[in-house]
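Novice: Sequence and predicted structure below; questions after.
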Amino acid sequence: MASRVVDILLPVALDQAYSYRVPDGMALAPGDLVSVPLGARTETGVVWAENPSPNPRLDNRLKYVDERLDLPPLAPELRQFVDWVSDYALAARGMVLRMCLRMGEHLGPARERLGVRLAGPAPARMTAARQRVLALLADGLARPKRDAAEEAGVSVGVVDGLVDEGTLETLVLPPEPLALPVDPDHAAPDFTPAQQAAADALRATVAQGGYSVSLIDGVTGSGKTQVYFEAVAETVRRGRQVLILMPEIALTSQVLDRFAERFGVRPAEWHSQLTPRKRARTWAAVAAVAAGTAAAGREVSVIVGARSALFLPYADLGLIIVDEEHDPAYKQEDGVHYHARDMAVVRGHIAKIPVLLASATPSVETEVNARRSRYRRLHLPERFGGQHMPVIEPIDLRREGPPPGRFVAPRLAQAVHTALERGEQALLFLNRRGYAPLTLCRKCGYRLACPNCDAWLVDHRFNRRLVCHHCGYSVPPPQACPHCAALASFTACGPGVERLEEEAASLFPGTRILVLSSDLVTSVERLRSELAEIEQGSVDIVIGTQLVAKGHHFPKLNLVGVVDADLGLSNGDPRAAERTFQLLHQVIGRAGREAGRGLGYLQTHQPEHPVMRALVAGDREAFYGTEIDLREASHYPPFGRLAALVVSGDDKHAAQAHARRVAQAAPHADAVRILGPAEAPLALIRGRYRFRLLVKSPRNFDLSAYLRQWMAVAPKPKGKIRLEVDVDPQSFL
Ligand code: ADP
Ligand code: ZN
């Protein structure tokens, strides 16, 4: 009798599952994790399906499954989610599965820790170091050996010596838990009536269970976080798990602190900077089936994570929250192209659980869904504590701009002075890293550009280098112009945050200035400590890129000056207006959150632009009204669907020719319009020439299916040519 065959999906760049034979007596079911031979190596895969009728011609070539791994199986809903994402995003199924199996190689029981405690008489020979260890351990409690040495200020050798003498004994300590149990009733706040109504609605949503999407729509500082914590509490009470997605996990320390205040403990975290061991332990803890009564028996009941946390194999996920749902960081632009907010809604739908989206400036897509009642809107109209929204004034750079070579207009400088005199903080916002975006030769006009990209080199004086923001290429500033050989002829054009710091130091001497920019941040810890310094008021002027725009609560900050409000408007991106509105609204929303009235200044060349007008008038509805009409008229999302195809290669003509052949192979469909191929706005990145095709279809059209048909007949890229498909593109560069 032929042996049983199953199809196993492997985390490699392939769409189909492979067939393997099951050794007699091995119990296997769909979802089980197994190790299997793949070529010369061993891979971890997941049983995707039974294969009742394997191809008889292959039968005797099929390999056997090595072993079934002792890990919880991937739940049917997660497998369904993998299939769904792969179909939708045209990504290889195996690559989507790979995102679920990011446990690394450190699985297995948590590392045991060796502890020491007092056990016998004092040693014959006493030293000061030994004395300190004994004093520390005099309480008779066991401590990890390293901790004991560190706390006593001695080397581990001193502790070992005392063990050898029999004064101390060693013992095995249980592994440190990843997170302590969340206490849903630790410290619930007293809610305002509007908050209470929203919190009640969310508790009811969780209690009722099932799929639904709610938008928590409230101005910055209205208590959205506090309110969604009630949904977290209710889910934990029911013994189920919660995923809170954050756009940029490094920036979420305040949320973690607030979580700790509300629930008594910090939640587990998931992001790219976890150590391999912590990653493996977190993965395993998330997947572990709860022992005993659910809530108490679970090591991890709440995860705060970056977008990749959406693919973890939760044992019993009961709620997904997407904080700052409008944030562009939710879109993954390499490997599997997916939007974590949209896929969170999909996962919620498949798992039949509620999804909560929170934002003060919802994406146009979400706003339309709320207006059409596909999503329920929970409105928090006011700031907690009765604080008003900041007053916003435009500064027309055409009429009252700064003197040449300067970037802070006199009126904004005056406002900063006033804030400082009052002992308040000021934030100067400029979404530009480095010292200057462009360096040119005064003699011949030569501009320093990246050799690999279609981009200028950005002057980073802090590191004394000129850097390409697209590929990371960098050089020290040249002595002479490469074009005309003039010496010391280079001049910086335009501002970056480092240059703004120079200007602020001369405008406001004696103040404490902190620049927050991603390239100056060396670690998550460093960033978190800098944010804490601002929060505690030990900084007077903050100069920052979009890193400061998000979610922070700085009690002493009442003034925000936007140095170049027009920066994001002119880049040909269909979402430019939306992005600019959201970013500027968020950043000015940092002002006036606690005491005093917040004040925002927008330095702009176009104060009549609808985005500036809506911001100044504090009229969010006006902005959405205009923007939604525009999208509808032009059939842009969410009223139509888009996909981008990017063909790239190191040879320009070959890339272009391939892009043309791909375009010619497009199946005919009345509903679909194909634009291009055209040279991409960023025509060269990392030495690769790029051509773009944009595919437009009506909303109710299955664009993914169409693209799949197309890709099946399109010529396959050869050599160094690559073709990337991006469904629902967010970037148009
Ligand atoms: P949002 O998420 O809308 O920006 P938060 O939930 O972060 O707002 O709340 C803003 C600030 O107000 C936080 O410091 C928060 O602790 C505080 N806050 C909000 N609601 C309450 C409440 N009902 N009781 C006490 N403090 C609150
Ligand atoms: Zn470059």
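Specialist: Looks like it came in fine. Residues are numbered from 1 along each chain as shown. Ligands and ions are numbered 1, 2, ... in the order given.

Novice: Would you agree residue 272 is in contact with residue 308?
Specialist: Yes: at 7.4 Å, residue 272 and residue 308 qualify as touching, with contact defined as CB atoms under 8 Å. Quick note: C-beta positions are derived from backbone N, CA and C, even for glycine.

Novice: Show me which of the two is the more surrounded one.
Specialist: residue 308 (17 against 10; other CB atoms under 10 Å).

Novice: Next up, the contacts around that one.
Specialist: By CB atoms under 8 Å, 6 or more residues apart in numbering, residue 308 lies in contact with 99, 102, 270-272.

Novice: Ligand 1 versus that one, what's the distance?
Specialist: 23 Å (CB to the nearest ligand atom, to the nearest Å).

Novice: How about residue 659?
Specialist: Residue 659 sits 44 Å away from ligand 1, going by CB to the nearest ligand atom.

Novice: Would you check that that residue makes contact with residue 679?
Specialist: No: using CB under 8 Å, residue 659 is not in contact with residue 679; the gap is 9.5 Å.

Novice: Looking at the two, which is more packed in?
Specialist: Comparing residue 659 with residue 679 by other CB under 10 Å, the one with more neighbours is residue 659, at 26 against 17.

Novice: buried ones in stretch 639-656?
Specialist: For stretch 639-656, the buried set under the neighbour-count rule, 16 or more other CB atoms under 10 Å, comprises 639-649, 652, 654-656.

Novice: What values do phi and psi take at residue 397?
Specialist: Main-chain torsions, residue 397, degrees, to the nearest 10: phi -70, psi -20.

Novice: How many neighbouring residues does the closest residue to it other than its chain neighbours have?
Specialist: With CB to CB, 6 or more residues apart in numbering as the criterion, residue 397 has its nearest non-adjacent residue at 5.0 Å, and that residue is residue 605. Other residues near residue 605 number 14, with proximity taken as other CB under 10 Å.

Novice: Same check on residue 327?
Specialist: Residue 327 has 26 nearby residues by other CB under 10 Å.

Novice: Same question for the one 3 residues further on.
Specialist: Residue 330 has 25 neighbours, counted by other CB under 10 Å.

Novice: Quick check: chain neighbours aside, which residue is closest to it?
Specialist: residue 340 (4.2 Å).

Novice: Distance check, that neighbour against ligand 2.
Specialist: According to CB to the ion, to the nearest Å, residue 340 and ligand 2 sit 27 Å apart.

Novice: my guess is the residue nearest to residue 397 meets residue 394, correct?
Specialist: No: counting by CB under 8 Å, residue 394 is not a contact partner of residue 605; they are 10.3 Å apart.

Novice: got the buried residues for stretch 444-457?
Specialist: Buried-residue list, stretch 444-457, by 16+ other CB under 10 Å: 446, 448-450, 452-457.

Novice: Just the closest of those to ligand 1, please.
Specialist: Nearest to ligand 1, judged by CB to the nearest ligand atom, of these is residue 455 at 35.1 Å.

Novice: who touches the closest one in this structure?
Specialist: 449, 468-470, 682.

Novice: So for it, what's the pLDDT?
Specialist: As predicted, residue 455 sits at a pLDDT of 87.

Novice: Same check on residue 111?
Specialist: 61.

Novice: And the helices in the stretch 151-300 of the chain, which stretches?
Specialist: 156-164, 193-208, 224-237, 253-263, 276-287, 294-297 (DSSP state H, counting those that start in this stretch).

Novice: Pick the most deeply packed of the ones you listed.
Specialist: Mean neighbour counts were compared across these using mean count of other CB atoms under 10 Å; the top stretch is helix 224-237, at a mean of 24.

Novice: other SSEs contacting that helix?
Specialist: Contacts defined by 3 or more CB pairs under 8 Å, 6 or more residues apart in numbering; DSSP states H and E place helix 224-237 against helix 193-208, strand 212-218, strand 241-245, helix 253-263, strand 317-323, strand 354-359, strand 376-380.

Novice: Could you list the residues in contact with the third one?
Specialist: Going back to what we said before, that points to strand 241-245. Against strand 241-245 from outside (CB under 8 Å, 6+ apart): 228, 231-232, 235-236, 255, 267, 286, 298, 300-307, 309-310, 312, 314-323, 330, 340-341, 344.

Novice: next one: the fourth one
Specialist: The contact list for helix 253-263, computed with CB under 8 Å, 6+ apart, reads 182-184, 186-189, 225-226, 229, 232-233, 244, 246, 266-267, 269, 302, 304, 323, 528, 531-532, 535, 551-553.

Novice: Next one: the residue nearest to residue 397 from ligand 1, what distance?
Specialist: From residue 605 to ligand 1 the distance is 31 Å (CB to the nearest ligand atom).

Novice: Mind pulling the model confidence for that residue?
Specialist: In this model, residue 605 carries a pLDDT of 95.

Novice: Please give me every residue in contact with it.
Specialist: Applying CB under 8 Å, 6+ apart, the residues contacting residue 605 are 396-398, 566.

Novice: Please state the offset of stretch 673-693 from the chain centre?
Specialist: 26 Å (CA atoms, centre = their mean, to the nearest Å).

Novice: quick one: is that stretch near ligand 2?
Specialist: No: for stretch 673-693, no contact with ligand 2 is found by CB under 5 Å from the ion; the gap never falls below 6.5 Å.

Novice: Now do the buried residues in that stretch.
Specialist: 674, 676-677, 679-680, 683-685, 688-693.

Novice: Which residues outside stretch 95-103 are in contact with it?
Specialist: Contacts of stretch 95-103 (CB under 8 Å, 6+ apart): 9-13, 44, 46, 74, 78, 82, 85-86, 89, 279-280, 283-284, 308, 311-313, 335-336.

Novice: Name the nearest residue to the closest residue to ligand 2 within the stretch 101-250 of the chain, ignoring sequence neighbours.
Specialist: Distance from ligand 2 to each residue of the stretch 101-250 of the chain (CB to the ion) is smallest for residue 248, at 23.4 Å. Distances taken as CB to CB, 6+ apart put residue 329 closest to residue 248, at 5.5 Å, once the chain neighbours are dropped.

Novice: Alright, calling it a day.
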